[in-house]
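[1] following is a predicted model, sequence given first.
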Amino acid sequence: RFYRGNQWYGAEGAELPKPVFNIIRRIVDYLVCSISPGSVSLSFTDENLPFVRDRDTAALIRRATELLSKHASYRWEQNKMDFKVYSLLHDAALSGDGVFYCWWDPSAGSGQEYTGDIVTGLVDNTNLFVADVNRADIQSQDYIILSGRESVATLREQARRYGVPQEEIAKIVPDTKAKNQSGDLGEHELLADDESERKATCIVKFWREEGFVVFEKSTEGVVVRRQRTNMTLYPVAYMNWYPTKNSFHGTSPITGLIPNQKFINRAFAMVMKHMTDTAFSKVVYDKSRIPEWSNEMGQAIAVLGGTNVADAVSVVGVGKLQEGYLELIELAVAMTKELMGATETALGDGEAINTSAILALQEAARIPLDQVRRSLCRCIEDLANIWVDMMCAYYPDERLLPYIEEGTERAERISFSLLKGALLRARVDVGEFRRYGAAGMMSLLNKLLEGGHITPGQYIERLPPGLLADRALLLEELKATKNTGREERAFE
C-alpha cells in the first residue's frame, strides 16, 4: 500500500491535506534495479564424476552436464526469466520474501512428439506455508503447502480429468475466503451470477515418501488430485531480502521506512495547512461601528460614529512558519535515503562533475546489497536444481533437449536415467548491469581518443546508439579515405 502511494489509509487527521511524497517507491525501485542481474549464466556439474571409474559412463555424464548447461540458457530465455527475477526481487522488497514455484504442465507443447514441460511462476509469500516456521531451509521441511484461488469451473474440470466422482465434484463450490490474499485488491473478485465463474480456495501440499515427493491438491471438502512423483526436491525456491533469526520468512526493507514516510507526509501536510490558513492577512473590525465589511475594490465602507476609524479596524498580518521546520523535513528525507544507500549520487541526481568518481561512489553504495544479491544467487541455483530434478522425473531418454549454439538452435538427446544417479549441482554466474549511461561512455571514449589509444573509426563504432546518424556510412567513408591515402603514398 505504501509503495503504491496509498499512504493515508486509515490515518487520523481528516482536517489536514493528504499529500504523498513517496520516497519509499524511489528507494525500492533503486534497490531492486541495483540487485537485478544484467545476465545470468547457469552451469551444472556432477560431484560424483571424479569417482566414476568407467570412462564411457564418465564421458556420457560429462556431455550430459554440458548440454544441461546450454539448455538452461535456452530455458532461461524461453521462460522470460529476467522479468520473473525482477518480479521476485520486487516481491521480496515489498514483503520480505520472493518465491518461485515450478509445476509440470502436461499440455505444454515441445515441438516434438513428447508433450508437457516445466512451468515456472511466482507465488506470494502469504500463500506459502511450511512445517517448521523457525527453519529457513525449505528442502528440509517435513511438508510445504501452497494456497491459491482458482475458478470453480477450472477446479471441477481438473477433478473430472483425474477421476473424481461426480458427487464429489459437486462439492466444489465458491467461497469468500479471499481476504488472506496478498495485496489490498486480492479480495476484490468477479461476483458472477454463475457460480462456476467464481473462485474457491485450493491448497497443494507436498511431502516425501521413501525419498520421493508426493503432492495433493484439494479444496475445502474435495481432494482434486493426489500423485506420487519421481522428484526428490520440493518444486519451490525462495529468497529472503533480510534474513530474520529463527524465522523462515524474511524482513522487508520497507518495514523501517514506514514511520519516516508517515512523518514526512504529515509534516508536509501541517505546512500546507498552516500556509492555507495564514498565508493571507485578515481584517478584524468592530461590527457595532462597521455593520458590513466589503473587499470590493474602490467601494466605500460605512462607519457609525465620529471617532477614529483606526480604532474600529485592524489588519492581522500573515502567520510565520517556525524557522528550521522545512530544513527538518528535508533532513528527514535526505537521511532516510542515505541510510538506505539511495544517495543523490546513487540515484543519479547529483551534478556530473567527475564521471569516474560518480561511478566509484555508485559502486560503493551497492556494497551493502551484496547480502541480498547472494540470497538471489542461491535462489536461482535452487531453481536450476529443481529444473534438473523435474527433467529427470518427467523427461524420457528419447526426448530432445534444445539449446542455442553459435546463434543456431540445436537439439540432442541425453540419458536422463543415467543422470538420476548423478549428484548434480547448479552454479550461477551473475553479471552486473551496465552502471553508466551515454554520458559516462562518451567521457571515457573522449579520453581514449585524446590519448591516442583508439582510432577515429574505433571511436565512432563504440559511440552510444542514437547519437550519430548514418554511422555505417561514415565508417565506410573513413575507410575509403584511409585506403586512398595509402594508394597515394604507394604511388609516390
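    Looks like it arrived, so ask away.
[2] report the contact partners of the spatially most central residue of the chain.
    Centroid-nearest residue in the chain, with C-alpha atoms, centre = their mean: residue 90, separated by 2.6 Å. Applying C-beta atoms under 8 Å, 6 or more residues apart in numbering, we find residue 90 in contact with 28, 32, 98. (Each C-beta comes from the backbone N, C-alpha and C, glycine too.)
[3] highest neighbour count among these?
    residue 98 (28 neighbours; other C-beta atoms under 10 Å).
[4] same question for the stretch of helix or strand that one belongs to, mean pLDDT?
    For residue 98, the enclosing helix or strand under DSSP states H and E is strand 97-105. Strand 97-105 shows a mean pLDDT of 94 in the predicted model.
[5] in that strand, what counts as buried?
    Using 16 or more other C-beta atoms under 10 Å as the test for burial, strand 97-105 gives 97, 98, 99, 100, 101, 102, 104.
[6] same check on stretch 263-273?
    Buried, per 16+ other C-beta under 10 Å, within stretch 263-273: 264, 265, 266, 267, 268, 269, 270, 271.
[7] tell me which of these fall in helices.
    Among these, the ones falling in helices (DSSP state H) are 264, 265, 266, 267, 268, 269, 270, 271.
[8] from memory the second one sits against residue 20, does it?
    Read that as residue 265. Yes: counting by C-beta atoms under 8 Å, residue 265 does reach residue 20; the two are 6.2 Å apart.
[9] shared neighbours of the two, anything?
    Common contact partners of residue 265 and residue 20 (C-beta under 8 Å, 6+ apart): 7, 8.
[10] for the chain, give me the ranges with low pLDDT.
    By pLDDT under 70, the low-scoring segments of the chain are 11-14, 183-188, 306, 317, 343-367, 431-441, 466-467, 483-492.
[11] recalculate using a threshold of 50.
    352, 487, 490-491 (pLDDT under 50).
[12] please enumerate the strands of it.
    39-46, 97-105, 117-123, 128-130, 143-151, 199-209, 212-218, 223-228, 236-240, 282-285, 313-316, 400-405, 408-413, 424-431 (DSSP state E).
[13] now the phi/psi pair for residue 294, please.
    Note on residue 294: backbone dihedrals following degrees, to the nearest 10 are phi -130, psi 140.
[14] which residues does it contact?
    Counting by C-beta under 8 Å, 6+ apart, residue 294 makes contact with residue 301.
[15] go on, the one 10 residues further on?
    Taking C-beta under 8 Å, 6+ apart as the definition of contact, the neighbours of residue 304 are 288, 289, 290, 291.
[16] of those residues, buried ones?
    The neighbour count (16+ other C-beta under 10 Å) marks residue 290 as buried among those.
[17] any chance of a markdown table for the contacts of residue 304, columns distance to residue 79?
    Formatted as a markdown table, the contacts of residue 304 follow (distance: C-beta to C-beta, whole Å):
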| residue | distance to residue 79 |
| --- | --- |
| 288 | 83 |
| 289 | 83 |
| 290 | 79 |
| 291 | 80 |
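[18] relative to residue 474, which of the contacts of residue 304 is nearest.
    residue 290 (80.7 Å; C-beta to C-beta).
[19] hmm, the closest one is touching residue 301, no?
    Yes: using C-beta under 8 Å, residue 290 is in contact with residue 301, at 6.3 Å.
[20] packing partners for the strand holding residue 98?
    In terms of contacts (3 or more C-beta pairs under 8 Å, 6 or more residues apart in numbering; DSSP states H and E), strand 97-105 is packed against helix 81-95, strand 117-123, strand 236-240, helix 370-394.
[21] most tightly packed of these?
    Stretch with highest mean neighbour count among these: strand 236-240 (a mean of 24; mean count of other C-beta atoms under 10 Å).
[22] what helices or strands is it leaning on?
    helix 81-95, strand 97-105, helix 370-394.
[23] now these in a markdown table, please, with extra columns for distance to residue 127.
    Below are those laid out as a markdown table (distance: least, C-beta to C-beta, whole Å):
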| stretch | distance to residue 127 |
| --- | --- |
| helix 81-95 | 11 |
| strand 97-105 | 8 |
| helix 370-394 | 17 |
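[24] what's the closest non-adjacent residue to residue 243?
    Distances taken as C-beta to C-beta, 6 or more residues apart in numbering place residue 250 nearest to residue 243, at 5.6 Å, with adjacent residues excluded.
[25] show me what contacts the one you found?
    Residue 250 neighbours (C-beta under 8 Å, 6+ apart): 92, 96, 97, 239, 240, 241, 242, 243, 244.
[26] the fifth one is in contact with residue 93, isn't it?
    It stands for residue 240. No: between residue 240 and residue 93 no contact is recorded; they are 11.2 Å apart, counting by C-beta under 8 Å.
[27] re earlier: with residue 240 as the reference, measure out to the residue nearest to residue 243.
    3 Å (C-beta to C-beta, to the nearest Å).
[28] list residues touching both of those two?
    The contact lists of residue 250 and residue 240 share 92, 96, 97, where a contact means C-beta under 8 Å, 6+ apart.
[29] which single one of those is nearest to residue 470?
    Of all those, residue 470 sits closest to residue 92, with 45.5 Å by C-beta to C-beta.
[30] so how far is residue 272 from the closest one?
    Applying C-beta to C-beta, the value for residue 92 to residue 272 is 35 Å.
[31] same question, residue 142
    To residue 272, residue 142 is 55 Å away according to C-beta to C-beta.
[32] same check on residue 35?
    36 Å.
[33] quick one, what contacts residue 98?
    By C-beta under 8 Å, 6+ apart, the neighbours of residue 98 are 88, 89, 90, 91, 92, 122, 125, 238, 239, 241, 379.
[34] export those residues as CSV, with columns for distance to residue 471.
    As requested, the contacts of residue 98 are exported to CSV (distance: C-beta to C-beta, whole Å):
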residue, distance to residue 471
88, 38
89, 35
90, 36
91, 41
92, 41
122, 41
125, 48
238, 46
239, 42
241, 43
379, 41
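[35] tell me what the nearest residue to residue 199 once chain neighbours are set aside is bridged to.
    Nearest residue to residue 199 in three dimensions, chain neighbours excluded: residue 149, at 4.5 Å (C-beta to C-beta, 6+ apart). Listed beta-bridge partners, residue 149: residue 201 (assigned using DSSP bridges).
[36] would you agree residue 149 is in contact with residue 181?
    Yes: using C-beta under 8 Å, residue 149 makes contact with residue 181 at a distance of 6.6 Å.
[37] would you mind measuring from the closest residue to residue 414 other than its chain neighbours to residue 244?
    Nearest in space to residue 414, with sequence neighbours left out and distances taken as C-beta to C-beta, 6+ apart, is residue 64 at 4.2 Å. Remark: distance between residue 64 and residue 244 (C-beta to C-beta) = 39 Å.
[38] looking at those two, which has the bigger crowd around it?
    Using other C-beta under 10 Å, the more surrounded residue of residue 64 and residue 244 is residue 64, with 22 against 13.
[39] give the contact list for the more buried one.
    So residue 64 contacts 414, 415, 418, 419 (C-beta under 8 Å, 6+ apart).
[40] possible to save these as TSV with neighbour count and distance to residue 218?
    Converted to TSV, the contacts of residue 64 look like this (neighbours: other C-beta atoms under 10 Å; distance: C-beta to C-beta, whole Å):
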residue	neighbour count	distance to residue 218
414	22	36
415	13	36
418	14	36
419	23	33
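[41] tell me the one of those residues nearest residue 16?
    Each of those was scored against residue 16 by C-beta to C-beta, and residue 419 proved nearest at 64.5 Å.
[42] residues in contact with that closest one?
    With contact taken as C-beta under 8 Å, 6+ apart, residue 419 is in contact with 46, 61, 64, 388, 392.
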